[in-house]
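Engineer: Predicted structure and sequence below. I'll ask about it afterward.
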Amino acid sequence: MDTIDTLDTVDLQLTTASFPYYPLGPTLALARQVGADGVELALTPGLLRHGVERVQRLMAYHQMPVRSVDLGRLRDGDDLAGLGRFVAGLSECRVAVLPAPRGERHGEGLAAYIARLRHGLAALADSDVALTIENAAPAGPDGEAGPLDRFPQLRRLVEEWDLGFTFDTSHAAARGWVITEPLPLMGGRLHNVHLGDFRPAPSPGRADLLPETGAANRGHLIPGQGILPLRAFLRALCRREYRGLLTLDLHPSHLRAWWPPAARKRLAAALTFCRDATRDCRPRGAFTLEARSEAPAEAENDG
């Protein structure tokens, strides 16, 4: 039976948000050293103000393209005003990621979010960049629910506004989702996957087994360090012939990002995990014992 290697059609990249201690140049250099296909650029108001020319020079020097931009640090219409000109200078950029709102207490109610969404759509109107919504991160200590925390709410907004999805596996697991379940519902609107592992808080009296219990320490783990069946998830993407971006979205603490040799080693291992998981993947419709048994196993492991 014929097989396909999904990484022939998927760009495997990392996000600059994982490297808050690095200037952009060293981050691009690191991405090239570990064999990434590109990077997701975490845009800031400062980057937009200074223009795209410096980013273009660094991309050319390190031979490392920016294929997506993260808009989570741009808070209002003023920030988004220069977005169109900026992405126009990123010739290989295909996706812009707007995180779902966190709730009124954080100044991100649905009305304010829709206004920001309108600004983003207007800024990208003359480009081929798809504006996507990323499923919401877990609620903060106050426990306030955001307006798009549940997948049906998120899906309704995406479809009504003709947007795309960026699917974050760590966020989904933290909210108790089975991470493979939304894939058929997102369909061709899925443009980007933020891949990271997750582990739950320890049971009472078992904190000795998991000393790091903060939310930042439970999510955005290196694949294989948590409980998620990410190999099965990647094979599910492969069987669906996914052709979007696959972005390693890993917390700096788990990468040991402050120490470049450690970060380089851990990133290389994460990239190898993804490539190994999808090697010799069967296309959708291939009927094998593995394909029949894998779906129940994915749901059981995710639950």
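Structural biologist: Thanks, I have it. Numbering: from 1, shown residues only.
Engineer: show me the contacts for residue 15.
Structural biologist: Neighbour list for residue 15: 39-40, 42, 70, 194, 247-249 [criterion: CB atoms under 8 Å, 6 or more residues apart in numbering]. Heads up, the C-betas are built off the backbone N, CA and C, glycines and all.
Engineer: in the sheet, who's paired with it?
Structural biologist: residue 40 (DSSP bridges).
Engineer: quick one: pLDDT of it?
Structural biologist: Looking at residue 15, its pLDDT stands at 97.
Engineer: Please report the distance of it from residue 41.
Structural biologist: The spacing between residue 15 and residue 41, counted by CB to CB, to the nearest Å, is 8 Å.
Engineer: Quick check: neighbours shared by the two?
Structural biologist: residue 70.
Engineer: Just put the contacts of residue 15 in a markdown table and tack on pLDDT, neighbour count and secondary structure.
Structural biologist: Below are these laid out as a markdown table (pLDDT from 0 to 100; neighbours: other CB atoms under 10 Å; DSSP: H, G, I helix; E, B strand; the rest coil):
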| residue | pLDDT | neighbour count | secondary structure |
| --- | --- | --- | --- |
| 39 | 98 | 28 | strand |
| 40 | 98 | 27 | strand |
| 42 | 97 | 20 | strand |
| 70 | 97 | 25 | strand |
| 194 | 98 | 26 | strand |
| 247 | 98 | 29 | strand |
| 248 | 97 | 27 | strand |
| 249 | 97 | 25 | coil |
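Engineer: what separates the top helix by length along the chain from the chain centre, distance-wise?
Structural biologist: In the chain, assigned by DSSP state H, the helix with the most residues is helix 260-277. Offset of helix 260-277 from its chain centre (CA atoms, centre = their mean, to the nearest Å): 16 Å.
Engineer: Give me the contacts around that helix.
Structural biologist: 7, 12, 14, 19, 26, 30, 33-36, 195, 222-224, 230-231, 234-235, 246, 248, 250, 254-257.
Engineer: Any idea how many residues pack against residue 155?
Structural biologist: Here the count is done by other CB atoms under 10 Å, and residue 155 has 18 residues near it.
Engineer: List the contacts of it.
Structural biologist: For residue 155, the contact set (CB under 8 Å, 6+ apart) comprises 185-186.
Engineer: would residue 96 count as being in a strand?
Structural biologist: Yes - counting by DSSP: H, G, I helix; E, B strand; the rest coil, residue 96 is part of a strand.
Engineer: Just list whatever residues bridge to it.
Structural biologist: As assigned using DSSP bridges, the partners bridged with residue 96 are residue 69, residue 131.
Engineer: which non-adjacent residue is nearest residue 72?
Structural biologist: In space, residue 72 comes closest to residue 99 once its chain neighbours are excluded; the distance is 4.5 Å by CB to CB, 6 or more residues apart in numbering.
Engineer: do residue 248 as well
Structural biologist: residue 14 (4.7 Å).
Engineer: surely residue 25 meets residue 59?
Structural biologist: No - Residue 25 is beyond contact range of residue 59, at 10.0 Å (criterion: CB atoms under 8 Å).
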